[in-house]
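> Here is the input, now give the coordinates:
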Amino acid sequence: MKIGWISSSLPYLPSRGGFRISGANLIKRLSKRHTIDLIAILREDDANHLDWVAPYCESVATFPLRQRSVAARAANFVSTYAVGKQLNARAEMHGEANRGFQSKQWDVLHVEGGFAGGVVPAELPLAKVLSVHDAEVLRAEEMLHCELSFRQKMNYRLRKITEPRYERFVYPRYERCVVFAERDREFNERLIPEAKFTVIPNGIDLDFYQPQPVEKQPATLVFHGHLSYPPNVQAALEFANEVFPLIQAQVPGAVFSLVGASPAPEIRALASRPGITLAADLPDLRAALCAAAVYVCPVRFGTGIKNKILEAMALGLPIVGYPGSTAGIDCASGTHLFVVNEPQEFANQVLALLSAPGVATRIARAGRRLVEEKYSWEARAAEYERLYEQVIAERRAAGNGHRRS
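A predicted model of the protein is given here:
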């Protein structure tokens, strides 16, 4: 199969950002069986990582996202939300996509990210799949439940108003739009009934996320993630204020370890409290996570699938979390992890695991087996292959397929 791949940012590993990580892992697996031609918009330091994609792609075409004047940004805003056509990067993307299709005769086009989805030429005569990961409007609604700055609140309120119009223009141009979780699919289907959605959950690199041979720290609880992201900040603060004191009352030597990047000032302030530690911006988080006795995930808000849960499962950690932590993951409370609903229940379950290492080991092993069976990147790549074959067949049956010259 010849796959054209267009991405809102350069996919490479290791990296931050869902479209980079997801795209890179899929390309790495799909390239074993198919040819991939990549077109990527360069952001931040993407240009420094072009060597990573070269071995996996038949061709690589890139261009930077240029800074625009105030007038150009205003024109782009009007065009984006009036007719669903982004002007920023439009000329560059149309040129690269049309040249790629004419020279490579792709069977299917895979597009990563709603931004790229709006600049891809709609008239390209082939089956197209748009991976948007989650429901952006639902994300905006969820974020407004978190403690935000005035500017952040205004941004998400604006997105709740403007994003539905953009998505109604763009998403129906694709044979399928892919999200990570069923909740996101249901929300988007109500919002954009003209588009077709399917669920393919995110994956986990099982070779990298292996349990590490480190000494366990007794009564240590760990939570990790981007520690400036509002749902993570709110989760850490809630656990520190409402759950951890209940645990400390029973286990005075308990430790709550926060591990992650770019901690917000509120997170740094937590580290001054007795029993709370912070490990910021580590080059490799695995040892710090595996040293804990229990992984805690007090996240209540957010869309898509929580990679932190898949990572903790893959690392062999017993997990306790709120329902918002496990959305989109096909797991069972009491078998693969424990799902709780309020602070006292959270504390009780953590204390039960600390006092029953045999149960903790059983839960941790079941979580690892779950991700091995259902969330490997190999399994995700196979699901995309099946989707590509399906949309290609549907387009040909409708008489819209293209013939190679």
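> Strands of this structure, start to end?
For the chain, strands defined by DSSP state E occupy the ranges 2-7, 35-42, 59-64, 108-112, 127-133, 176-179, 197-199, 220-226, 255-261, 276-280, 294-297, 319-321, 338-339.
> can these go into TSV with extra columns for mean neighbour count?
C-betas here are computed from N, CA, C, even on glycine. Below are these laid out as TSV (neighbours: other CB atoms under 10 Å):
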stretch	mean neighbour count
strand 2-7	24
strand 35-42	22
strand 59-64	15
strand 108-112	26
strand 127-133	24
strand 176-179	24
strand 197-199	17
strand 220-226	22
strand 255-261	22
strand 276-280	17
strand 294-297	27
strand 319-321	25
strand 338-339	22
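> Which one of the ones you listed lies nearest to Tyr375?
Smallest distance to Tyr375 across the strands of the chain (CB to CB): 13.0 Å, for strand 197-199.
> on that earlier part again, would you mind giving the strands of the chain as CSV with mean pLDDT added?
Listed next are the strands of the chain as CSV, based on pLDDT from 0 to 100:
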stretch, mean pLDDT
strand 2-7, 98
strand 35-42, 97
strand 59-64, 95
strand 108-112, 97
strand 127-133, 97
strand 176-179, 98
strand 197-199, 97
strand 220-226, 96
strand 255-261, 97
strand 276-280, 97
strand 294-297, 98
strand 319-321, 98
strand 338-339, 98
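> ok, so what distance separates Leu237 from Ala195?
Remark: distance between Leu237 and Ala195 (CB to CB, to the nearest Å) = 37 Å.
> Nearest to Gln152 among the strands of the chain would be which one?
Nearest to Gln152, of all those, is strand 220-226, at 14.6 Å by CB to CB.
> could the strands of the chain be laid out in JSON lines, adding distance to Gly100?
Shown next, in JSON lines, are the strands of the chain (distance: least, CB to CB, whole Å):
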{"stretch": "strand 2-7", "distance to Gly100": "6"}
{"stretch": "strand 35-42", "distance to Gly100": "5"}
{"stretch": "strand 59-64", "distance to Gly100": "7"}
{"stretch": "strand 108-112", "distance to Gly100": "9"}
{"stretch": "strand 127-133", "distance to Gly100": "13"}
{"stretch": "strand 176-179", "distance to Gly100": "20"}
{"stretch": "strand 197-199", "distance to Gly100": "25"}
{"stretch": "strand 220-226", "distance to Gly100": "33"}
{"stretch": "strand 255-261", "distance to Gly100": "34"}
{"stretch": "strand 276-280", "distance to Gly100": "41"}
{"stretch": "strand 294-297", "distance to Gly100": "41"}
{"stretch": "strand 319-321", "distance to Gly100": "43"}
{"stretch": "strand 338-339", "distance to Gly100": "45"}
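> the domain parsing of this protein - what is it?
2-203+377-397, 220-374 (automatic domain parsing).
> Tell me which of those domains approaches Pro211 most closely.
Going by CB to CB, the one of the domains of the chain nearest Pro211 is domain 220-374, 3.7 Å.
> measure that closest one end to end?
29 Å (CA to CA, to the nearest Å).
> where does that domain sit relative to the chain's centre, distance-wise?
18 Å (CA atoms, centre = their mean, to the nearest Å).
> picking up where we left off before, quick one: which of the domains of the chain is nearest Val214?
Val214 lies closest, by CB to CB, to one member of the domains of the chain: domain 220-374, at 5.0 Å.
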